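Asker: pasting the sequence and the predicted coordinates here, then a few questions.
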Amino acid sequence: MVVQYFSPRSRKVKILATLGPASANPDMIRTLFLAGADAFRVNMSHGEHDIHASVIQSIRALEKELHRPTTILVDLQGPKLRVGKFADGSVMLETGQSFRLDRDPAPGNASRVTLPHQEIFDALETGARLLLDDGKLVLRVTEIHPDHVLTTVEVGGKLSDRKGLNVPDVVVPIPALTDKDRTDLAFALEQGVDWVALSFVQRPEDVAEARRIIGGKAALLAKIEKPAAIDRLEEIIELCDGVMVARGDLGVELPPWAVPPIQKQIVATARRMGRPVIVATQMLESMIVTPTPTRAEVSDVATAVYDGADAIMLSAETAAGSYPVEAVTIMDRIATQVEQDPGYQARVNFTETKPDATTADALSEAAAKMIPVIGSDGIICFTVSGSTARRIARERPPVPILVLTPRQETARRLGLLWGAHAVRTKDIDSFEEMIAKGKRMALRHHIGTAGSKLIMMAGVPFGTPGSTNVLHVATLTGTELKEHK
């Protein structure tokens, strides 16, 4: 059997596609991958475990068929803060009126409703805002008592049963992991997923607890969706393997005009700290119901690519929309066009990413600077844990990064890393084998031709995580190219 080897995609930024009713069957998953999806998101807020298990199995079957490590991210739901029910199903709140939130389980009316979260009562302060129904209604806290709070309605409207509640002005002492999340997390780890996304992150302690439970069985991604997380952003990023700019809840709890600069802050901070960063939510929202995006959406996607995000995400567009394949195709075209812009390389390197005081960082920076000097066509990275690949990607080099690793889990996790084309292959034992395998794998994956210079990075002793200390330039010869063909 002749094995088809996929070349690196023509773009460096990755596309994360959410699977759901519109896309969870094997044929559609395959079509989305071929259209440009590099990784797939499974949203635990919807669906049962047996359905998710079937989807995960389909992705792994595709991986085997196409001989490409394929990335699976499971997104945990997180706590859902909601008010109780109303006697008539809904009420109309008028701007300026008083409204009470209390612990009384009786059905609510136009003057009060149950708030079944004691932690909120304990955390609230006078003057804090309460946002209801995705921010459509706004209450301002005027009095705080042990079992109830009094508020004034600042923005009124219709309030129905079990609508969501956001508390943007205080840190709510609710753990990021609910009982449901713990059950879903155990399921995800049993299924061997590659990334776990943690919702409702407010403090570094939230990330630390999840990391302890995961125990290295998957990479951990923190969703930055709470204003409180911005205040301790670097501490949170330090404890996780990647971050997501979750603009949905950020846009509810913050003024809309505050979200763009915060998005740039999160992306820049993650890049400086060498963690993959995903920009998510409403990127091509109109394509849920239409086959083409708005110009504003195209510009939004392009901005994330210019800023150097590692990945851009589609949510309902591919999970429940009418045009999932078109959404992936257009996102792929936008990203590809941006990266072909002559000014892209300067823009993507606008964020200064200073190397840490390590040999691996020094060599990664040197490799990136060598590319224009020697005219290199690619970087070949030998890694066990993936840390060397992350260091190289932080430099945002203008050539493909071919990552060779003996660990399938490492190859899969790198599906969210900018520019990385990860391949699982046997480990190397000697310097000569490094050169030979590097050349062979570069040709196999269509990187370079006769006369091409390849920059190779590895660690001696070989196969030892964290030992990157070798930087070598190899030249492909016409004989090697002929033998490969």
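Answerer: Here it is on my side, so go on.
Asker: so what's residue 307 closest to, chain neighbours aside?
Answerer: Using C-beta to C-beta, 6 or more residues apart in numbering and skipping residues adjacent in sequence, the residue nearest residue 307 is residue 267, 4.9 Å away. No exception for glycine: its C-beta is placed from N, CA and C like everyone else's.
Asker: quick check: phi and psi at the one you found.
Answerer: For residue 267, the backbone dihedrals (degrees, to the nearest 10) come out as phi -60, psi -50.
Asker: that one: what's it in contact with?
Answerer: 245, 277, 279, 304, 307, 308, 309, 351 (C-beta atoms under 8 Å, 6 or more residues apart in numbering).
Asker: please determine how far it is located from residue 389.
Answerer: Per C-beta to C-beta, to the nearest Å, residue 267 is found 19 Å from residue 389.
Asker: lowest-confidence one in the contacts of residue 267?
Answerer: Note: of those, the lowest pLDDT belongs to residue 351, at 84.
Asker: just give me the neighbour total for it.
Answerer: 17 (other C-beta atoms under 10 Å).
Asker: quick check: it vs residue 395, distance?
Answerer: 11 Å.
Asker: re earlier: show me the contacts of residue 267 that map onto strands.
Answerer: 245, 277, 279 (DSSP state E).
Asker: show me what residue 143 is bridged to.
Answerer: Beta-bridge partners for residue 143, by DSSP bridges, are residue 150.
Asker: residue contacts, the residue lying closest to residue 44 once chain neighbours are set aside?
Answerer: Distances taken as C-beta to C-beta, 6+ apart put residue 184 closest to residue 44, at 4.4 Å, once the chain neighbours are dropped. If you count contacts by C-beta under 8 Å, 6+ apart, residue 184 has them with 44, 49, 74, 76, 77.
Asker: in the protein, where is pLDDT below threshold?
Answerer: 1-4, 482, 485 (pLDDT under 70).
Asker: now the residue nearest in space to the middle of it: how far from residue 271?
Answerer: Nearest to the mean C-alpha position of the chain, counting by C-alpha atoms, centre = their mean, stands residue 278 at 3.7 Å. Between residue 278 and residue 271 the distance is 12 Å, computed by C-beta to C-beta.
Asker: residue 177 reaches residue 209, doesn't it?
Answerer: Yes. With contact defined as C-beta atoms under 8 Å, residue 177 reaches residue 209; the gap is 6.4 Å.
Asker: so the two - more neighbours on which side?
Answerer: The neighbour comparison of residue 177 against residue 209 (other C-beta under 10 Å) goes to residue 177, with 20 against 15.
Asker: what's around residue 203, how many residues?
Answerer: For residue 203, using other C-beta under 10 Å, the count is 19.
Asker: pop the domain breakdown of this protein in here.
Answerer: Domains of the chain are assigned by automatic domain parsing as 14-78+175-340, 90-166, 359-484.
Asker: for the stretch 351-485 of the chain, which segments count as helices?
Answerer: With DSSP state H, counting those that start in this stretch as the criterion, the stretch 351-485 of the chain has helices at 359-374, 387-394, 408-413, 431-444, 478-484.
Asker: a markdown table for the ones you listed, including distance to residue 191 and mean neighbour count?
Answerer: Below are these laid out as a markdown table (distance: least, C-beta to C-beta, whole Å; neighbours: other C-beta atoms under 10 Å):
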| stretch | distance to residue 191 | mean neighbour count |
| --- | --- | --- |
| helix 359-374 | 32 | 17 |
| helix 387-394 | 24 | 26 |
| helix 408-413 | 12 | 23 |
| helix 431-444 | 29 | 18 |
| helix 478-484 | 37 | 12 |
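Asker: rebuild these as CSV, extending it with distance to residue 421.
Answerer: Listed next are the helices of the stretch 351-485 of the chain as CSV, based on distance: least, C-beta to C-beta, whole Å:
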stretch, distance to residue 421
helix 359-374, 16
helix 387-394, 10
helix 408-413, 10
helix 431-444, 10
helix 478-484, 17
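Asker: give me the distance between residue 182 and residue 40.
Answerer: Distance from residue 182 to residue 40, by C-beta to C-beta: 23 Å.
Asker: these two - which one has more neighbours?
Answerer: residue 40 (29 against 14).
Asker: wait, the more buried one sits on residue 75?
Answerer: No. Counting by C-beta under 8 Å, residue 75 is not a contact partner of residue 40; they are 10.8 Å apart.
Asker: longest helix anywhere in the chain?
Answerer: helix 49-66 (DSSP state H).
Asker: name the residues of that one that are buried.
Answerer: By 16 or more other C-beta atoms under 10 Å, the buried positions in helix 49-66 come out as 52, 55, 56, 58, 59, 62, 63, 66.
Asker: would you map the strands across the stretch 201-350 of the chain?
Answerer: Under the criterion DSSP state E, counting those that start in this stretch, strands of the stretch 201-350 of the chain are mapped to 219-224, 242-246, 277-280, 311-314.
Asker: picking that back up, of the helices of the stretch 351-485 of the chain, which is nearest residue 92?
Answerer: Among those, helix 408-413 comes nearest to residue 92, with 49.6 Å by C-beta to C-beta.
Asker: I am finished for the moment; much appreciated.
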